[in-house]
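**Student:** Output the structure for:
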Amino acid sequence: MTFGVMYPAYSSYKAIKTIEKEDDIQWLCYWVIFGLFTFIEFFLDIVLMWVPLYQELKLAFIIWLALPQTKGALFVWQRSKDTIDKWLIKVEEQVGKITAATTAAESKPEEKKDS
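**Tutor:** Residues are numbered from 1 along each chain as shown. Below is the predicted model:
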């Protein structure tokens, strides 16, 4: 929790207060990568818990992502942004279909049955 959330949250707060954009980009990339990693891990947890040293490797990965000296999150983002963009487009299309279907269903007047 400390390395994955508290330190990045503190550093993000400090980055917001500065004029430079580079630190803002680093932390925005961190939060996107961390969020996707957490989302994927949620579904693979039952398998990952059997991988030896998984927790230690996860901690090392998160520290690498978060440290400004390594700029791991920026490294991962630059190499995976096209894949993330393609996935996001598919998700947005599905959300649009669901929203359209919900809106259409709500706009139909209910038919009253005569008793």
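**Student:** does Y30 belong to a helix or a strand, and which?
**Tutor:** For Y30, the host element (DSSP states H and E) is helix 22-48.
**Student:** What confidence value was assigned to the spatially most central residue of the chain?
**Tutor:** Residue closest to the mean C-alpha point of the chain, counted by Cα atoms, centre = their mean, is G35 at 2.8 Å. As predicted, G35 sits at a pLDDT of 92.
**Student:** Which of the residues in stretch 51-68 are classified as buried?
**Tutor:** When burial is assessed from 16 or more other Cβ atoms under 10 Å, stretch 51-68 yields the following buried residues: 62, 65-67. Bear in mind the C-beta positions are built from the backbone N, C-alpha and C, glycine included.
**Student:** and I19, what helix or strand is that in?
**Tutor:** Residue-wise, I19 maps onto no helix or strand under DSSP H and E.
**Student:** Over to A100?
**Tutor:** Here A100, judged by DSSP H and E, is contained in helix 72-107.
**Student:** what's the distance between that helix and the middle of its chain?
**Tutor:** 12 Å (Cα atoms, centre = their mean, to the nearest Å).
**Student:** and it with helix 22-48, angle?
**Tutor:** Interaxial angle of helix 72-107 relative to helix 22-48 (axes from the mean of the first three to the mean of the last three Cα atoms, to 10 degrees): 80 degrees.
**Student:** quick check: mean pLDDT across helix 72-107?
**Tutor:** 88.
**Student:** Could you list every helix and strand in contact with that helix?
**Tutor:** Of the remaining helices and strands, those touching helix 72-107 by 3 or more Cβ pairs under 8 Å, 6 or more residues apart in numbering; DSSP states H and E are helix 22-48, helix 54-66.
**Student:** relative to helix 54-66, how tilted is that helix?
**Tutor:** In terms of direction (the same axes, to 10 degrees), helix 72-107 departs from helix 54-66 by 100 degrees.
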